[in-house]
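A.B. asks: please work out how this folds:
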Amino acid sequence: MVGKIINVPKSLTQKQKDVYKDYTDRKNGIGRPLTDIQLATWGKYYLIDNEKPSLTDGQKNILSELVFAEKYGRKKEINSDKLRKGIEKEKEARDLLSFETGLFLTACEERKENKYVTGAIDIKPNNVITDIKCSWNWESYSKILNDKPNEVYLRQLDSYMDLWGIKDSLLCHVLLDTPYSIVEKEIRKKDWELNILDVEGNIREERIDEVKKIISNHIFTRKGIEGFCEYSSNIEIEWFGDFKEIPSKERIHMIPHSFSKERIEQRNECIAIARKYMNKVNPINNFNTSLIS
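C.D. replies: Take a look at the predicted model:
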């Protein structure tokens, strides 16, 4: 949750910092006086440099939900197939990563906490915090190959490194075959939209390519394809003569991330602001009875 409530103001680039320092000196009488345009630039940079962290409306909603969940013992129901896949594939992901890296990775059930955060890690650390994220499908996995790392995940790693006193971490995205029951569910969802199944529950011939696309977006190994065709009563292995297996090394994307004292200080400041807000969360009962008199 911690990454979802951190809202750090935009910072000046190094070039802007140099200009800001030069203009500040000149504003204070050191060097040439500033022109009107330069003074306006200094003012803009001043506001950016002095902006404080704050909470967005979305973050306030998250915090309000947490308050009521804790106060009254309620839990938000999370029934996500994406989450289910991650849970069911946790050991397989760890084993694949161990095989490809040559490291012996073992599960860790230890939980730690400090003044600001609490957390449990999946893998026993050996000078490095390793956090595995199981990608939902091929499309979601391919997008993270070029995109900048998810800031929420990096903030999560920040807290793990802080709790365990370790300076380096590794964010590992792993692409694994989706559980068969979830793949079938995805086909049924598409059936509602495209009428994939006939009255007897068979795949309509004109929809076979669409079904192959769904399956290939969720299953990446020949063993997985063969297993799914055995599992499902209406999927034929003959449809997948052109299926291309994705090598395991191509299904692991690792992003290194190092400890930063500045990022921890940002986190702590945002948590302090969040706690202050949470202490004030209550229903607003300010109805004025005079309005109906």
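
A.B. asks: now Lys133: how far from Lys91?
C.D. replies: Look at Lys133 and Lys91: by CB to CB, to the nearest Å, they are 15 Å apart. The C-beta positions use only the backbone N, C-alpha and C, and glycine is treated the same way.

A.B. asks: so these two - more neighbours on which side?
C.D. replies: Higher neighbour count among Lys133 and Lys91: Lys133, with 18 against 10, using other CB atoms under 10 Å.

A.B. asks: give me the contact list for the strand or helix carrying that one.
C.D. replies: For Lys133, the host element (DSSP states H and E) is strand 129-134. With contacts defined as CB atoms under 8 Å, 6 or more residues apart in numbering, strand 129-134 is touched by 85-86, 89-90, 93-94, 97, 105, 121-123, 153, 156-157, 160-161, 164, 166, 168-176.

A.B. asks: which of the residues you listed are buried? Put it as a PyMOL command.
C.D. replies: Selection of the buried residues among those in PyMOL, burial being defined by 16 or more other CB atoms under 10 Å:
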select buried, resi 85+86+89+90+93+94+97+105+121+122+123+153+156+157+160+161+164+166+169+170+171+172+173+174+175+176
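
A.B. asks: so which of the contacts of strand 129-134 are in strands?
C.D. replies: Filtering the contacts of strand 129-134 for membership in strands, criterion DSSP state E, returns 168-174.

A.B. asks: including distance to Arg267 and pLDDT, could those residues go into a markdown table?
C.D. replies: Conversion of the ones in strands among the contacts of strand 129-134 to a markdown table gives the following (distance: CB to CB, whole Å; pLDDT from 0 to 100):
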| residue | distance to Arg267 | pLDDT |
| --- | --- | --- |
| Asp168 | 18 | 96 |
| Ser169 | 14 | 96 |
| Leu170 | 20 | 94 |
| Leu171 | 17 | 94 |
| Cys172 | 22 | 94 |
| His173 | 23 | 95 |
| Val174 | 26 | 96 |
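
A.B. asks: mind listing what's buried in stretch 261-271?
C.D. replies: In stretch 261-271, counting by 16+ other CB under 10 Å, buried: 263-264, 266-267, 270-271.

A.B. asks: stretch 175-187 too?
C.D. replies: By 16+ other CB under 10 Å, the buried positions in stretch 175-187 come out as 175-180, 183-184, 186-187.

A.B. asks: next: stretch 200-214.
C.D. replies: Using 16+ other CB under 10 Å as the test for burial, stretch 200-214 gives 203, 207, 210-212, 214.

A.B. asks: ok, now stretch 37-45?
C.D. replies: Buried, per 16+ other CB under 10 Å, within stretch 37-45: 38, 41-42, 45.

A.B. asks: before I go, just wanted to say thanks for your time.
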